[in-house]
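Visitor: the following comprises the amino acid sequence and a computationally predicted model.
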Amino acid sequence: MLANYFTVKKEGEDQVIIQKSRFIGYVKRVETEEEAQNFIQKIKKKHHDATHNCSAYMIGENDQIQKANDDGEPSGTAGVPMLEVLKKQGLKDTAIVVTRYFGGIKLGAGGLIRAYGSTTSKAIQTTGIVKRQLMQGFSITIDYNLLGKLEHVLRDSDHILEQINYMEKAELIVYVKDGDEQDFHEWIINLTSDQAEIVKKGSAYIEIDVESTVE
């Protein structure tokens, strides 16, 4: 498993008007090629009357699956520049469809490349990007007199305080970056004067919002 990687939030869209042509970008997080194809077909069905529904996707830990489709636009002017945006932004498990309604003005090859690339970038920016960080989960059980102090320092740290369970004692569910487990364990012992029960939970990908770069 990757220690971390970037992908988009679940799903989103945005659009631009270029020389009277309407370009609508649809973005979705996908984990399989079948899921990507189903998403593309869904958009094609929704915009069956569009001039083009061009698509691109990149899937897998090592970007093993990469596909681009120009859907009738001149070869290399739509799907490939869309795929290049995904590569440039380092996005995994991401599919994009750009629907075009022709406005009567031809853009030329260079204009099409810029139009499909910029629509892809804008749709990704609107959808949002997350960093998925592989983290180790911990359950920390403490007396309530320690809760205020521990909650404050955890929220002020690089660790992720996911939730607090209020039971006979307080239980804090915390996620720690892979590799930092031992340091974290010792840190909690020192903070609580060894009055915390610390139990390791499973690992999970935790999502952290990041800013996208717009072309």
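Guide: Structure received.

Visitor: any buried residues in the least confident helix or strand in the chain by mean pLDDT, and which?
Guide: Of all the helices and strands that make up the chain, the one with the lowest confidence by mean pLDDT, DSSP states H and E is strand 197-210; it has a mean of 92. Counting neighbours by 16 or more other Cβ atoms under 10 Å, one finds that the buried residues in strand 197-210 are 198, 205, 206. Any C-beta I mention is one placed from the backbone N, CA and C, and that applies to glycine too.

Visitor: domain ranges for the protein, per the record?
Guide: Described in terms of automatic domain parsing, the domain architecture of the chain consists of the residue ranges 4-127, 131-210.

Visitor: contacting residues for residue 153?
Guide: By Cβ atoms under 8 Å, 6 or more residues apart in numbering, the residues touching residue 153 are residue 191.

Visitor: for it, what is the enclosing helix or strand?
Guide: In the assignment (DSSP states H and E), residue 153 maps to helix 147-155.

Visitor: where in this protein is pLDDT low?
Guide: Applying pLDDT under 70 to the predicted model, the residue ranges of the chain that meet it are 212-215.

Visitor: all strands for it, in order.
Guide: Counting by DSSP state E, the chain has these strands, from start to end: 4-8, 11-18, 21-29, 52-59, 65-69, 94-101, 129-142, 160-166, 170-177, 197-210.

Visitor: okay, those strands in TSV with distance to residue 42 next?
Guide: Written out in TSV, the entries for these read as follows (distance: least, Cβ to Cβ, whole Å):
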stretch	distance to residue 42
strand 4-8	16
strand 11-18	11
strand 21-29	9
strand 52-59	10
strand 65-69	15
strand 94-101	9
strand 129-142	22
strand 160-166	33
strand 170-177	34
strand 197-210	24
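
Visitor: got a list of contacts for the longest helix along the chain?
Guide: Within the chain, and with DSSP state H defining each element, the longest helix by residue count is helix 108-127. Contacts to helix 108-127, defined as Cβ under 8 Å, 6+ apart, come from residues 8-9, 11-16, 18-19, 21, 23-27, 54, 56, 73-74, 76-79, 81-82, 84-86, 89, 91, 94, 96, 98, 100, 107, 212-215.
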